[in-house]
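*Asks:* no sequence on this one, just coordinates:
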């Protein structure tokens, strides 16, 4: 998961100067999932809040809200990614 966070950080850095869009929402939500799986709940909550502050994409706002209410597990992350791939 640490390597996933590194990739996500790179993606966020590459869009840092752009106006937030749905891609940022997707990436912040995925970063929150990874942090949650690693047990870094406070950091995950921050990511979910930042995702909610960006435009929605593929209903990632709903995922961010759910994971703010309760920690999301690795199975949740895999399910969300599988749904996105359909």
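*Replies:* Okay, I see it. Predicted model only: the values in this text are computed from it and were never measured.
*Asks:* For the rest of this, base every contact and every neighbour count on C-alpha atoms.
*Replies:* Will do.
*Asks:* so what's the residue sitting nearest the centre point of the chain up against?
*Replies:* Relative to the mean C-alpha position of the chain, the nearest C-alpha, by Cα atoms, centre = their mean, is the one of residue 29, at 1.3 Å. When contacts are counted by Cα atoms under 8 Å, 6 or more residues apart in numbering, residue 29 touches 47, 48, 51, 60, 63, 64.
*Asks:* Tell me which helix or strand the third one sits in.
*Replies:* Think residue 51. If you go by DSSP states H and E, residue 51 is part of helix 41-52.
*Asks:* quick one: the helices in this structure?
*Replies:* Applying DSSP state H to the chain gives helices spanning 2-14, 22-37, 41-52, 60-69, 74-85.
*Asks:* Can you add distance to residue 24 and give the contacts of residue 29 back as a markdown table?
*Replies:* Below are the contacts of residue 29 laid out as a markdown table (distance: Cα to Cα, whole Å):
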| residue | distance to residue 24 |
| --- | --- |
| 47 | 10 |
| 48 | 11 |
| 51 | 7 |
| 60 | 10 |
| 63 | 14 |
| 64 | 12 |
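*Asks:* winner for burial among the helices of the chain?
*Replies:* With neighbours taken as mean count of other Cα atoms under 10 Å, the helices of the chain reach their highest mean count in helix 22-37, at a mean of 24.
*Asks:* hmm, back to that, in a markdown table, list the helices of the chain along with mean pLDDT.
*Replies:* Below are those laid out as a markdown table (pLDDT from 0 to 100):
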| stretch | mean pLDDT |
| --- | --- |
| helix 2-14 | 87 |
| helix 22-37 | 90 |
| helix 41-52 | 96 |
| helix 60-69 | 93 |
| helix 74-85 | 78 |
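*Asks:* got a list of what the closest residue to residue 65 other than its chain neighbours touches?
*Replies:* Using Cα to Cα, 6 or more residues apart in numbering and skipping residues adjacent in sequence, the residue nearest residue 65 is residue 48, 7.2 Å away. Residue 48 is in contact with 28, 29, 32, 64, 65, 67, 68, counting by Cα under 8 Å, 6+ apart.
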